[in-house]
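**Q** Please work out how this folds:
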Amino acid sequence: MSNDKKPVKWVAIYTRKSTDENLGGDFTSLDSQREYCESFIKSREAEGWRAFPVDYNDPGFTGGNMDRPGLKHLLSDARQGKFQAVLTYKYDRLSRNTKDFLHVLDIFDKHAIVYVSVTQPIDTGSSVGRLMRSILVDFSQFERELISERTRDKRAAMARKGKWSGGPPVLGYDADEETKKLLINAPEAKQVRLLYESYLKTKSLSKTAILLNKQGLRMKKWTTRKGNVHGGRRFNKGNLDYVLRNPVYIGKISHKGDIHEGEHKGIVDPDIFQRVIRMLAANGKKNTSPNQDKHNFMLRGLVRCGACGQQMTPNFAYSKGHKYFYYKCVSVNKLDKSACPTKSAPARELERLVLDRLSFLGKNKTVVDQVVERARQMTGSELPA
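**A** Below you'll find the predicted structure:
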């Protein structure tokens, strides 16, 4: 009596849902997708198909890119040969981007993994089947782009009507979960008014940021529906400038450079807001130059601060009619000299030092270490190995 039992073929099930809406219920779209997949596998048990006992799920993740934890886990296990097939409810659950979809399939092919869709059973072993698969994925990408366009149009329409169109929460306001309207957060509103008053007194973003940080004040902090905590960072010149320029604080909505009258209440006096905007503009003119990028900065992105580990970013300054180029610690750039003890490094001298020494690399391979040490001694910064 012959034994016709087929060898076990482990099938990984991947599920995805674009939004996190209704994901907290007892039975979600992900559960439904998995149920269909499990039924499909059961119908092919005679062929040796078995559901691989690992959940590869991406709740609340778009299919427009590959930055998804569940997909990354799936691809990692695929490279290790833990299963022989991957099953999804539809092609667009795996990806809505044609390039990404074909890249994933290429990974599967390299590891002899079959990819199957429950609702779109196309034989990809034939040229016609592969063409149909590509067409379906192209339509999925078209649908995603169409949804994006509709979303952009909707946000523009909401802005014209003065409605808050979403995005990261704003310091001084909370968004009502039902109406989506901006409601004033009294303690934070008081902090926002202090920001404007402090800047008018100090006339400096860095001094204002230092003052606010010393008082224990921070940027807006919030928790997502998934329980992830965001925000709450210390103030620096960049985020403070962003807050001070935001017209939401005088009851207006900004969208794509256009300003519209908002339906929410402002928390900053319009005269104070305009004074701050004028001061920011005046201070900005003092620190800009049309010739800023004339130096090439060949070590851009390569030099790091030896004290705090941040990058040394290209900068320039005028002194007695001359323009000087140098590398400056990002920590200092965001705040002021009190943020880091590392001094600025003259750009041309540091670059000349590196070029001179690296020209002898073929004769003496230890020269790189000498360059790093001399650069550290000269500037207090270090070059990564």
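**Q** And the helices in the stretch 251-385 of the chain?
**A** Secondary structure of the stretch 251-385 of the chain by DSSP state H, counting those that start in this stretch: the helices cover 270-286, 330-334, 347-358, 367-379.
**Q** Pick out the shakiest of those, pLDDT-wise.
**A** Lowest mean pLDDT within these: helix 367-379, at a mean of 51.
**Q** The strand or helix carrying Asp77 packs against which elements?
**A** Assigned by DSSP states H and E, Asp77 belongs to helix 69-79. Applying 3 or more C-beta pairs under 8 Å, 6 or more residues apart in numbering; DSSP states H and E, one finds that helix 69-79 contacts strand 9-17, strand 56-59, helix 98-110. For glycine as for every other residue, the C-beta is placed from the backbone atoms N, C-alpha and C.
**Q** would TSV of the ones you listed with distance to Ser338, mean neighbour count and mean pLDDT be doable?
**A** Shown next, in TSV, are these (distance: least, C-beta to C-beta, whole Å; neighbours: other C-beta atoms under 10 Å; pLDDT from 0 to 100):
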stretch	distance to Ser338	mean neighbour count	mean pLDDT
strand 9-17	47	22	94
strand 56-59	44	22	92
helix 98-110	45	15	86
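**Q** For Thr224, find the nearest of the ones you listed.
**A** Proximity to Thr224 (C-beta to C-beta) singles out strand 56-59 among those, at 12.4 Å.
**Q** picking that back up, can you list the buried residues in the helix holding Asp77?
**A** Within helix 69-79, the residues scored as buried using 16 or more other C-beta atoms under 10 Å are Gly70, Leu71, His73, Leu74, Leu75, Asp77, Ala78.
**Q** Mind picking the one among the residues you listed that's closest to Arg150?
**A** For those, the residue nearest Arg150 by C-beta to C-beta is Leu71; the value is 25.2 Å.
**Q** ok so, going back, can you check what angle separates the helix holding Asp77 from strand 9-17?
**A** Orientation of helix 69-79 against strand 9-17 (axes from the mean of the first three to the mean of the last three C-alpha atoms, to 10 degrees) gives an angle of 160 degrees.
**Q** Paired strands for whichever helix or strand comes after helix 69-79, with orientation please.
**A** From helix 69-79 onward toward the C-terminus, using DSSP H and E, the following helix or strand is strand 85-88. As defined by DSSP bridges, the strand partners of strand 85-88 come to strand 9-17 (parallel), strand 114-117 (parallel).
**Q** Need the contact partners of strand 85-88.
**A** Contact with strand 85-88 is made by 9-16, 33, 37, 40-41, 49, 74, 78, 94, 108, 113-118, as judged by C-beta atoms under 8 Å, 6 or more residues apart in numbering.
**Q** Now do it: distance to the chain's middle.
**A** Relative to the centre of its chain, strand 85-88 is centred 29 Å away, using C-alpha atoms, centre = their mean, to the nearest Å.
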